[in-house]
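Engineer: Below: sequence and its predicted model.
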Amino acid sequence: MPISTQSYDVLLDFTNDLHDCVSIQILRDHGRVGAASVVLNPSETVTLVLESGSVYQYAIISPRKVAKITARTWRDINCNVSHLFSRSDVSQTPSQDGVSVDRIRHFA
């Protein structure tokens, strides 16, 4: 039986469950000039529409940290910002539901 290679849209929800505002910036914008970004106030959620199986890279920026993440998923997922910043050893952190933390940088 042949395997379906048809792509479809999946939803990636980022919820800011921190006490500070955060911004989400696209690092790889699939050929578009200029990277888009959005600011989330505490308790706000943004929903991004992704093409299933495609790789997307984002920077999640808070006043004290920046997390570089990669998203590649085949199903809808919800992601709390605090969960992304809480990972202690990112080099050993496997993808969780299609979202992996590549690097976390702390501000002085």
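Structural biologist: Perfect, thanks for sending it.
Engineer: can you give me the strands for the protein?
Structural biologist: Using DSSP state E, the strands of the chain run over 9-15, 22-26, 37-40, 45-51, 56-61, 65-71, 77-80, 99-106.
Engineer: could I get the ones you listed as a markdown table with distance to Ser86?
Structural biologist: For glycine as for every other residue, the C-beta is placed from the backbone atoms N, C-alpha and C. Putting those into a markdown table (distance: least, C-beta to C-beta, whole Å) gives the following:
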| stretch | distance to Ser86 |
| --- | --- |
| strand 9-15 | 14 |
| strand 22-26 | 14 |
| strand 37-40 | 17 |
| strand 45-51 | 18 |
| strand 56-61 | 12 |
| strand 65-71 | 10 |
| strand 77-80 | 9 |
| strand 99-106 | 9 |
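Engineer: Mean neighbour count and mean pLDDT added to the ones you listed, as CSV?
Structural biologist: Shown next, in CSV, are those (neighbours: other C-beta atoms under 10 Å; pLDDT from 0 to 100):
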stretch, mean neighbour count, mean pLDDT
strand 9-15, 17, 96
strand 22-26, 19, 95
strand 37-40, 14, 96
strand 45-51, 14, 95
strand 56-61, 20, 94
strand 65-71, 19, 94
strand 77-80, 17, 94
strand 99-106, 15, 92
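Engineer: Looks like Val39 contacts Gln25 (just checking).
Structural biologist: No. Assessed by C-beta atoms under 8 Å, Val39 is found out of contact with Gln25, at 10.0 Å.
Engineer: Identify the spatial nearest neighbour of Asp13, chain neighbours not counted.
Structural biologist: Among residues not flanking Asp13 along the chain, Asn78 sits closest, at 4.5 Å (C-beta to C-beta, 6 or more residues apart in numbering).
Engineer: how about Val38, what does it touch?
Structural biologist: Contact analysis of Val38 by C-beta atoms under 8 Å, 6 or more residues apart in numbering lists Ser23, Ile24, Val46.
Engineer: Against Ala67, how distant is it?
Structural biologist: As judged by C-beta to C-beta, to the nearest Å, Val38 and Ala67 stand 15 Å apart.
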